[in-house]
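>>> could you look at this predicted model? Sequence included:
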Amino acid sequence: MNLEGKALQWHQIFMRSRLTREIPAWEEYIRELSSRFGDSLYDDPMGELKSLKQSGTVQEYHDLFEELLNRVELPEDYATSCFMSGLKPEIQLSVRMFMPKNVQHPRTLAKIVEAKVLVQQKGKGLSKPFTSYPGHTSNSASFHANPSGHKWKVDSKPLLPLPTFPALPSNEKQKELVVKKPFKRLSRAEMDEKRARGLCFWCDERFTAGHRCGNQQFHRLEVWDDMSGEEENESGSEEDTLDEGQLAHISLNAMTNMSVPNFRTMRVTGHVGRQPVNIFIDCGSSHNFIHPKVVQKLGLTTQRVDPLVVEVADRNKLTTQDLCKDFTWKMQKQEFKADLLMLPVGGCELVLGMQWLTTLGDVKWNFGELRMEFMQAGHKVVLRGIKQQGLQLIRQNKMQKLLQKPEQIAEAQLCLIRVVQDPTSEPLSLRTISTDISKHQVRHSVELEHLLDEYSDLFHESNNLPPERSYDHKITLKEGTAPINVRPYRYPVFQKCEIERLVAEMLACGIIRTSSSPFSSPVVLVKKKDGSWRMCVDYRQLNNATIKDKFPIPLIEELLDELYGAKFFTKLDLRSGYHQIRMKAEDVEKTAFRTHDGHYEFLVMPFGLTNAPSTFQSLMNDIFRPFLRKFILVFFDDILIYSVEWEEHLQHLNIVFGLLRQHSLKVNESKCAFAQQQIDYLGHVIDANGVEADPQKISAIMNWPIPRTIKELRGFLGLTGYYRRFIRNYGKIAKPLTDLLKKNQFKWREGATLAFKHLQEAMSKPPVLALPDFT
């Protein structure tokens, strides 16, 4: 051991104090040495590392960082992040662009960026502030311009720090250096004269290239935005005298109800008591507004406020002076309160602008689905907008009443109806407009909205585990089966990060927990259509050891045969359906899966178990048993409600929603379709006329390339076989292809090509199948 400096001094003192005693043990020596020179109890190298900021050069900062880093143990990526966070902002952003992976990489980049910044500063002349003469500290003038009042003032504060010099021996000598005459602005004639004589404007010496003026001038021009200054024009109008900061804005949509057909606006129906009001939630308006007619109709009291100019998006301006204080209303059973300005809005009765939106905090807003989510008083609030109405027929007398009202903006399609006297003549050809019932009649839309509001809790995500039921999933293994234990697969680095994220989400939701089970299955990541990842557990070995259930799974063809005469359809999709069923407590350990960094098990029924479809279907059948094949079809988590009349359909929806609420089942609203006259269900398009194949699936069949492997051939036959009922003699047409699926028989020949083309041609124009009438 080699000790120098203070360490050597300490050693000598320490050993001298032990001369009268025995030589200390090595452990005691190391303990005392560490106590003297090691980290004290009050040292916090980790805290110092996180709070370290660059104040000097990059090299100085790096030296301090390495000194602290040497005293702690940090992963490479965390240390790199700490290093970049402490860099100066002008250096840090440029370094982060390269996404460095270790500490050495950002250090090198930071030095390059630092050199670049220094060069840029020198190019701008920032390193050489000039002074007109030694000792000058307060004669640099700056001028401020006020664009609103065109006022100017002089500020003696210099733009750049000026160097200081030793005081002169006497004030008299110092005065000799001071410019005695004040700043003088040259006239145009004086400037022309000096220019003609070739003289400098300020020192009257000969002006040549590279001339250094002995009487240099230093000026600064700044904009002075003084909003509180007095107006020069005190005789202006009332609008002109208002403070520009109090100018309000309102969108043209809120004033006229104009909208772009492809982009819908967020409008909801609210209630004040029992009185409905049409509310427009508009982020293009700055304040909240209410129509004067609503104020009058509801008998609201208003109070006078200072005049406020409201600028419409078309540059027109209105003025309001009336305020409805603490106006209270309800939207979809949730009560709200806000201050509203009275203004004659044209497209609605109440406008909620940024004044109200900023009080909501974080808002999740889906304009495509007209769905708005936020938290209020600790509860999740979901608002659903009224869908844009389609074409509607209007009677002549009602049209006349509308035309009598002033300032009406409408969009209409007119057609000529001609009375045909001769019944044998050809009728006029009118294009049929296919639309859902919620767009065909406003009354239906309002009634449906009220029903959805009543059961809005069905569409909220649940943060709790599903209740225990008699249908909780169980896993019965074959006799003598040992615990299934499969080693986890190897994953690339980017998949490890994604697995960790997905596991963390499931732990936070409470659907999994850490496990010490003897069972273990590996996980795999499957890429979804949107590019994100889905984590799946590979339960193949567990499924092989499981006794299979024999619960009947419904046939799609038989389900569709029940729809004769139906005109109104609603499709419901349960949210993560399998996860709404719990695992039997004694079988939770069998669902265990292992990743690269942990061992977990499911508390709810996971996807991938062999008997999971049977469990789910049995639960659905038991819940809806009294109404199956009467007005409801269930295929796993896809529920279809069908009815002949509108009023009947509302009753059916009410029954189904009540059962879902009773059994604590949640619905994924984004995948639902309510009260439609034509609907996509299980790969088919259904309406009152019958059933036809999904056009998207037909397009996939038509664009399918000639198979080159058995796997590709199975995919093609699987898709066309799903629609075999639409093709006459499907088995005969497809026989040359099905023969290729036999063992060692995949040899593509001309007959297979003809059969392949024949199937595509047959699927190009599939018929619409009429639904059977069993009555």
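Yes, it's here.
>>> how about the residue nearest to residue 726 when sequence neighbours are not counted, secondary structure?
Distance criterion Cβ to Cβ, 6 or more residues apart in numbering; nearest residue to residue 726, sequence neighbours excluded, is residue 766 at 4.2 Å. The way it works is simple: take the backbone N, C-alpha and C, and place the C-beta from them, glycine included. In three-state terms, and counting by DSSP: H, G, I helix; E, B strand; the rest coil, residue 766 is coil.
>>> same check on residue 276?
With three-state DSSP as the basis, residue 276 sits in strand.
>>> the residue nearest to residue 726 against residue 693, yeah?
Yes - judged on Cβ atoms under 8 Å, residue 766 makes contact with residue 693 at a distance of 4.6 Å.
>>> with neighbour numbers in mind, choose between these two.
Between residue 766 and residue 693, counting by other Cβ atoms under 10 Å, residue 693 is the more crowded of the two (21 against 18).
>>> what's that one in contact with, if anything?
By Cβ atoms under 8 Å, 6 or more residues apart in numbering, the contact list for residue 693 reads 683, 684, 685, 723, 726, 763, 766.
>>> need phi/psi at it.
Main-chain dihedrals, residue 693, degrees, to the nearest 10: phi -70, psi 150.
>>> and it, what are its bridge partners?
For residue 693, the beta-bridge partners are residue 684 (DSSP bridges).
>>> what is in contact with residue 766 and residue 693 at once?
When Cβ under 8 Å, 6+ apart defines a contact, the residues bordering residue 766 and residue 693 alike are 723, 726.
>>> report the buried residues of the host helix or strand of residue 526.
In this structure, residue 526 sits in strand 521-527 according to DSSP states H and E. In terms of neighbour count (16 or more other Cβ atoms under 10 Å), strand 521-527 has its buried residues at 521, 522, 523, 524, 525.
>>> same question, stretch 310-319
Buried residues in stretch 310-319 (16+ other Cβ under 10 Å): 310, 312, 318.
>>> straight-line length of it, end to end?
6 Å (Cα to Cα, to the nearest Å).
>>> so where's the longest strand in the chain?
In the chain, ranked by residue count with DSSP state E as the criterion, the top strand is strand 317-331.
>>> quick check: mean pLDDT of the next helix or strand after it?
For strand 317-331, the succeeding helix or strand toward the C-terminus, using DSSP H and E, is strand 334-342. The average pLDDT for strand 334-342 rounds to 88.
>>> what's the angle from strand 334-342 to strand 317-331?
With axes from the mean of the first three to the mean of the last three Cα atoms, to 10 degrees applied, the angle from strand 334-342 to strand 317-331 works out at 160 degrees.
>>> and strand 334-342, which strands flank it?
Here strand 334-342 is paired, per DSSP bridges, with strand 289-290 (parallel), strand 317-331 (antiparallel).
>>> redo those as JSON lines? Include distance to residue 452.
Putting the strands paired with strand 334-342 into JSON lines (distance: least, Cβ to Cβ, whole Å) gives the following:
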{"stretch": "strand 289-290", "distance to residue 452": "26"}
{"stretch": "strand 317-331", "distance to residue 452": "13"}
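>>> which residues touch residue 44?
So residue 44 contacts nothing (Cβ under 8 Å, 6+ apart).
>>> at 10 Å instead, please
Going by Cβ atoms under 10 Å, 6 or more residues apart in numbering, residue 44 touches 50, 51, 72.
>>> same deal with residue 487?
520, 522, 594.
>>> sec struct for it, please.
Put simply, residue 487 is coil when judged by three-state DSSP.
>>> what's the distance between it and residue 607?
To residue 607, residue 487 is 21 Å away according to Cβ to Cβ, to the nearest Å.
>>> closest to residue 339 among the buried residues of stretch 310-319?
residue 310 (14.7 Å; Cβ to Cβ).
>>> surely the closest one and residue 289 touch.
Yes - with contact defined as Cβ atoms under 10 Å, residue 310 reaches residue 289; the gap is 7.8 Å.
>>> against which helices or strands is the lengthiest helix in the chain packed?
The residue-count maximum for a helix in the chain (DSSP state H) belongs to helix 104-123. Counting contacts by 3 or more Cβ pairs under 10 Å, 6 or more residues apart in numbering; DSSP states H and E, helix 104-123 packs against helix 58-69, helix 76-85, helix 89-96.
>>> what is the burial count for residue 62?
Considering only other Cβ under 10 Å, residue 62 is surrounded by 22 other residues.
>>> so for the strand holding residue 526, mean pLDDT?
For strand 521-527, the mean pLDDT works out to 90.
>>> quick one: strands adjacent to that strand?
Strand pairing for strand 521-527, using DSSP bridges, gives strand 533-537 (antiparallel), strand 593-594 (parallel).
>>> how many residues are close by residue 357?
So residue 357, with other Cβ under 10 Å, has 18 neighbours.
>>> contact partners for it?
By Cβ under 10 Å, 6+ apart, residue 357 lies in contact with 281, 282, 283, 285, 288, 363, 365, 372, 374.
>>> again, 8 Å this time
Counting by Cβ under 8 Å, 6+ apart, residue 357 touches 281, 283, 363.
>>> among those residues, which one has the most neighbours?
residue 281 (23 neighbours).
>>> surely it meets residue 354?
No - counting by Cβ under 8 Å, residue 281 stays clear of residue 354, with 10.5 Å between them.
>>> next, find the distance separating the closest residue to residue 321 other than its chain neighbours from residue 329.
Nearest residue to residue 321, sequence neighbours excluded (Cβ to Cβ, 6+ apart): residue 307, at 5.2 Å. Distance, residue 307 to residue 329, by Cβ to Cβ: 26 Å.
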